[in-house]
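Colleague: need a structure here:
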Amino acid sequence: MQLVDNDTFLSQLTSLFNDTKEKGTIWLTHKRLEYDGKDTIMGDVEDTREYPCLLRVTDGGNTKFSTQVEPGQLMKFHAAYGALVKASMTTLRKRDKKREKIRSEQAAQRKKKMTEQVVLDGPKRGKGRRKRQRQVKALLKQQASQQKFKEREEQQRKAQSS
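Modeller: Here you go, the predicted structure:
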C-alpha cells in the first residue's frame, strides 16, 4: 500500500471516484493510529493525547493508497475530504426496495410454514395413500428445519455469551 501526502491522497481519490463513476466499488477506511503496538482499550479512561488518523482507499484491485493525517490538520483535511465524498455520492445506486420487500415476505412465509403444524390424515393404504405420504414427507422436512433453526439459535446464544 502506497502512503501519500494529504493533497495527493485527495487528488488520487478524486480520479478514483471518476474512474468508477459508471461501474465499480471503492472501500474507504478511517482509523486512529496508535504506536504502542497493543490493542486500543475503549472505556472510561481519560486519555488527553491526540492521535493521528490513517485513511485507506482501495478499489478491490490494484489501486491501494493511504494517508496519515496529523491531529492539527484534521479539521482542514476533513472539510476537503467531506466535500469530495459528498460530491461523489451522486453516483450511488438507489436501494431496490421492491426486491427487499419480496425477500422479507418470502422469509415470513417460510417462517410461518415452519411453525404451522402439518396434519396427517387419510388412510395408510388405499385411496388417499399418496396424499398421506406427501404429508409425512412435509412433516419430516418441517421437523428438520425446526431442528436447524434451534441449532442456529443456540450457536448465536453461545457466540453472544462468549
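Colleague: which residues sit in contact with the closest residue in space to Thr58 that isn't next to it in sequence?
Modeller: Counting by CB to CB, 6 or more residues apart in numbering, Thr58 lies nearest to Lys64, which is 4.5 Å off, once chain neighbours are set aside. (Glycine included, C-beta is placed from N, CA and C.) Residues in contact with Lys64 (CB atoms under 8 Å, 6 or more residues apart in numbering) are Met1, Gln2, Arg56, Val57, Thr58.
Colleague: isn't there a strand covering Asp121?
Modeller: No. Under the criterion used here (DSSP: H, G, I helix; E, B strand; the rest coil), Asp121 is coil, not part of a strand.
Colleague: isn't it right up against Leu139?
Modeller: No. Counting by CB atoms under 8 Å, Asp121 stays clear of Leu139, with 11.7 Å between them.
Colleague: Between the two, tell me which one has more neighbours.
Modeller: Comparing Asp121 with Leu139 by other CB atoms under 10 Å, the one with more neighbours is Leu139, at 14 against 8.
Colleague: Could I get the contacting residues of Gln142?
Modeller: Counted by CB under 8 Å, 6+ apart, Gln142 has contacts Lys113, Met114, Val118.
Colleague: Distance of it relative to Lys131?
Modeller: According to CB to CB, to the nearest Å, Gln142 and Lys131 sit 16 Å apart.
Colleague: same question, Leu74
Modeller: Distance from Leu74 to Lys131, by CB to CB: 71 Å.
Colleague: which stretches of the chain form strands?
Modeller: 2-4, 27-32, 53-58, 64-69 (DSSP state E).
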